[in-house]
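>>> here is a sequence together with a model predicted from it:
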Amino acid sequence: MEIPNAWAPLLVSAVRDAVLYQENLLKSETLKNRSDYEEHHLQLTQFLEFLKDEYKTIEVEAGISLDELL
């Protein structure tokens, strides 16, 4: 799959936001089946690390540095 460089910052920030949301959800006491959410959080964090590595290769073309983005 090809992601346009212009959309790459949006993708990274969206996944980062999803990771943060899941972290806060895991702190909630309303979850019934915590293990499902823990697995989802783990997959999201792994995906974010993958995206960050990929983003570094197109950082210049995307127009915003990873440090600024995160």
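Okay, I see it.
>>> specify the local secondary structure of the nearest residue to Thr45 once chain neighbours are set aside.
Setting aside the residues directly before and after it, Thr45 is nearest to Val19 in space (C-beta to C-beta, 6 or more residues apart in numbering), at 5.6 Å. Glycine gets a C-beta too; all of them are placed from N, C-alpha and C. Here Val19 is recorded as helix under DSSP: H, G, I helix; E, B strand; the rest coil.
>>> nearest to the spatial middle of this structure, which residue is it?
Val15 (2.6 Å; C-alpha atoms, centre = their mean).
>>> coming back round to it: the residue nearest to Thr45: neighbour count?
Neighbours of Val19 under the rule other C-beta atoms under 10 Å: 18.
>>> just the pLDDT at it, thanks.
Note on Val19: pLDDT of 97.
>>> show me what contacts the residue nearest to the centre of the chain?
When contacts are counted by C-beta atoms under 8 Å, 6 or more residues apart in numbering, Val15 is found next to Leu44, Phe47, Leu48, Leu51.
>>> so which strand or helix has the last one?
Yep, that's Leu51 we're talking about. helix 34-62 (DSSP states H and E).
>>> helix or strand right after that helix?
helix 66-69.
>>> next up, the contacts around Ile58.
By C-beta under 8 Å, 6+ apart, the neighbours of Ile58 are Asn5, Ala8.
>>> returning to that earlier point: quick one, what contacts the residue nearest to Thr45?
For Val19, the contact set (C-beta under 8 Å, 6+ apart) comprises His41, Leu44, Thr45, Leu48.
>>> now do the same for the residue of the chain positioned farthest from its centre: helix, strand or coil?
Centroid-distance maximum for the chain: Lys32 at 24.3 Å, with C-alpha atoms, centre = their mean. On the three-state scheme (three-state DSSP), Lys32 is labelled coil.
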